[in-house]
Structures are given as C-alpha cells and as structure tokens.
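Undergrad: no sequence on this one, just coordinates:
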C-alpha cells in the first residue's frame, strides 16, 4: 500500500518503531557506489600473543580480527579500503565515501593500543604495527626485521610496566587476586617472571572484619593492613614481636 505521493504505508496492529521506519526508508534508497582500488592494501602485523577483534561501527567492512602472534611467528591481517555513506537528503541517493587502507590500519592499531593500561604509544605498547601492501608472515620477517625488533622492545617495555603495576596492586590489596589483570599475568609469563606470587591459582576465601576498624581482611593474617590491629586470638599472634 502507498499514499498519494507513492510512499509506502506500513500496515499492522502496532505502531512501527523509529528503527523499523528508518530501515524501511534506507532500504528504498539508492546508493552511489565508488570504484575501489584493488591495489589499496595494507597488512597489520601482530606479535601480541592474544587475538584482537576491533570493530568500527561507522564503516563497512568494519570488523577486523587479528590472530594471536609472536616474535618468532608474527600474525598478519591484510585489509583493503572501507567506506561510509553520506546522507545528503532524504530524497537523494546515499553517497559512498571511501576510506583508504592506510587510514583503516592506522585507526585499528591506535584505537586498540590507546585503551591499554601502561601504554604510551611511543616506547611502551602492544606489539602491533602495519606495513604497506599485501604481505605474508614470512615476508614480514624478512623485509621488516628491524621493525619487528623495535616493536618487540616496545612490547617488552610495556610488559615491564604491567608487572610493576601488578606488584604494587598486589601489595596494596593485601594479596587480592581480583586486582591482577589477565594482561599482567601474560606479561609476567612472557618475561619469564614465573615466581611472582600473583601468578599462582588462588582459591577465594571468605574475609572477616577486623576487630579494630571493621575492614574486611584475610583471616590467615593476624595483623590488619589498615589499622595494624593484632588479632590476639590468631595462632600466629604469639610469634609477633612488638616494638616497645
């Protein structure tokens, strides 16, 4: 069914939602497609041992999955150009605006790394970068050896920052495993810091209130880490030495 000007009328017992109305209008819009350059390619390289899924909601294609990689075997993702659509007028066709692969690759790398704790985007950051053209993992190792080494050094610096933060959080939280991020554990294992106490598997224990200040504390320790009150009923309390 349509009205007097030819616009479609949605017939039903319920009032159409704004999303349904918008989708109906867009599906009837003509698109002006641009010609893509088949040579516009970039390769995102990762030595970060964790898979990455970066989503750009305003462009198409906008989903970028980068497999986990390593310095010995870097992972690669070849991407081309993407597009977004400019709405000029409701009665006009939508115009496709291409975005080059260089802009897309740069955005994927920077947007992911910028949100990481301890990353400064210069000397310490996850092992991600991109190169021009379509490259395989072997070609990257041969042609970009210096870049791989530089990226590895930056990633190791970032790992060291995460380990220092984990040590500080572990000390301040009285050994609470919930304050340790997965990336911190990954950093310690990558640097072979396997003796860190926060790398072990911990069983959650029920904390008890301190008799001095009421703060929840680990019942395995006789001294409160907040007010320093000693629980004299604890078996280890008699072994403590007090300053006179």
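TA: Thanks, I have it. Just so it is clear, the model here is predicted, and its values are computed rather than measured. Residues are numbered from 1 along each chain as shown.

Undergrad: And the helices in the chain?
TA: 18-27, 101-114, 137-143, 145-172, 182-190 (DSSP state H).

Undergrad: So which of these is nearest residue 37?
TA: helix 101-114 (8.9 Å; Cβ to Cβ). Every residue, glycine included, has its C-beta placed from N, CA and C.

Undergrad: quick one: the closest one to helix 145-172, angle?
TA: Orientation check (axes from the mean of the first three to the mean of the last three Cα atoms, to 10 degrees): helix 101-114 against helix 145-172 gives 20 degrees.

Undergrad: Mean confidence (pLDDT) on helix 101-114, please.
TA: The average pLDDT for helix 101-114 rounds to 95.

Undergrad: How far off centre is it?
TA: Mean-position distance between helix 101-114 and its chain equals 12 Å (Cα atoms, centre = their mean, to the nearest Å).

Undergrad: ditto for stretch 233-242
TA: That offset, for stretch 233-242, works out to 46 Å (Cα atoms, centre = their mean).

Undergrad: Can you pull out the residues in contact with it?
TA: Defining contact as Cβ atoms under 8 Å, 6 or more residues apart in numbering, one finds that stretch 233-242 is touched by 221, 222, 223, 230, 231.

Undergrad: how does it look with 10 Å?
TA: With Cβ atoms under 10 Å, 6 or more residues apart in numbering as the test, stretch 233-242 has contacts from 211, 219, 220, 221, 222, 223, 230, 231, 232.

Undergrad: Find the centremost residue of the chain, please.
TA: residue 112 (5.4 Å; Cα atoms, centre = their mean).

Undergrad: Can you tell me, leaving aside adjacent residues, what's nearest to that residue?
TA: residue 54 (5.4 Å; Cβ to Cβ, 6 or more residues apart in numbering).

Undergrad: Look up the pLDDT of the nearest residue to residue 119 once chain neighbours are set aside for me, please.
TA: Leaving out its chain neighbours, the residue that sits closest to residue 119 by Cβ to Cβ, 6+ apart is residue 125, at 4.6 Å. Residue 125 is assigned a predicted lDDT (pLDDT) of 95.

Undergrad: and if you look at residue 31?
TA: 73.

Undergrad: just to revisit the earlier point, in the sheet, who's paired with the residue nearest to residue 112?
TA: Beta-bridge partners recorded for residue 54 (DSSP bridges): residue 64.

Undergrad: which residues touch it?
TA: Going by Cβ under 10 Å, 6+ apart, residue 54 touches 44, 62-66, 77, 104, 107-109, 111-112, 128.

Undergrad: let's go with 6 Å and repeat that
TA: Residues in contact with residue 54 (Cβ atoms under 6 Å, 6 or more residues apart in numbering) are 64, 108, 112.

Undergrad: What number of residues are in the vicinity of the second one?
TA: As a burial measure, residue 108 scores 22 neighbours (other Cβ atoms under 10 Å).

Undergrad: how much space between it and residue 155?
TA: 17 Å (Cβ to Cβ, to the nearest Å).

Undergrad: Over to the last one?
TA: Computed with Cβ to Cβ, the distance linking residue 112 and residue 155 is 13 Å.

Undergrad: and what of the first one?
TA: In this structure, residue 64 and residue 155 are 20 Å apart, going by Cβ to Cβ.

Undergrad: Which one of the two is surrounded by more residues?
TA: residue 155 (22 against 19).

Undergrad: That one and residue 125 touch, don't they?
TA: No - if you go by Cβ atoms under 6 Å, residue 155 and residue 125 don't touch, sitting 7.1 Å apart.
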